[in-house]
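Visitor: Quick one, what's the 3D model for this:
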Amino acid sequence: MIKPISDHVVLEPLREEKKKGGIILPETVEKDKSEKGKVIAVGPGKVGKDGKRIPMEVKKGDTVLFSKYGPHEVKLDGKEYLIARQDDILAVLN
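Guide: The predicted structure is shown next:
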């Protein structure tokens, strides 16, 4: 498994099927980057200028929205993951 450092977060991209005119298109037809993901692992947080660690605002299991081109794509054991900074995460979905 990937263990992130600092304020990095490991995400599993969540791709939804696109519907056009009542027809469901598989993700292979429109291979667009995901903007939604599930948090798989979270780093310990960034160290501030005062030397104290800044706690992370997201946790493992959260479903989040992130900036489209912020995360780095990584493949491990044939599975695709994204590694992003916490700053690339825009919102936590409930």
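Visitor: Without its sequence neighbours, what residue ends up closest to R85?
Guide: In this structure, R85 finds its nearest non-sequential neighbour in D7, 5.6 Å apart by C-beta to C-beta, 6 or more residues apart in numbering. For the C-beta atoms, the positions are set from N, CA and C on the backbone; glycine is no exception.
Visitor: got a pLDDT number for that neighbour?
Guide: For D7, the pLDDT comes out at 96.
Visitor: Surely it and R53 touch.
Guide: No. Between D7 and R53 there is no contact, the gap being 9.7 Å when judged by C-beta atoms under 8 Å.
Visitor: got the contact list for G37?
Guide: With contact set as C-beta atoms under 8 Å, 6 or more residues apart in numbering, G37 has these partners: L11, E12, P13, L14, T63, V64, F66, P71, L82.
Visitor: And the helix or strand that it is a member of, what's buried?
Guide: Secondary structure from DSSP states H and E places G37 in strand 36-42. Residues G37, V39, I40, A41, V42 are the ones in strand 36-42 that count as buried (16 or more other C-beta atoms under 10 Å).
Visitor: shared neighbours, D7 and R53?
Guide: Contact criterion C-beta under 8 Å, 6+ apart; residues shared by D7 and R53: G45, K46.
Visitor: neighbour count winner among these two?
Guide: Shown here are D7 and R53; by other C-beta atoms under 10 Å, D7 has more neighbours (23 against 12).
Visitor: any weak-confidence spans in this structure?
Guide: Scanning the chain for pLDDT under 70 picks out the ranges 16-34.
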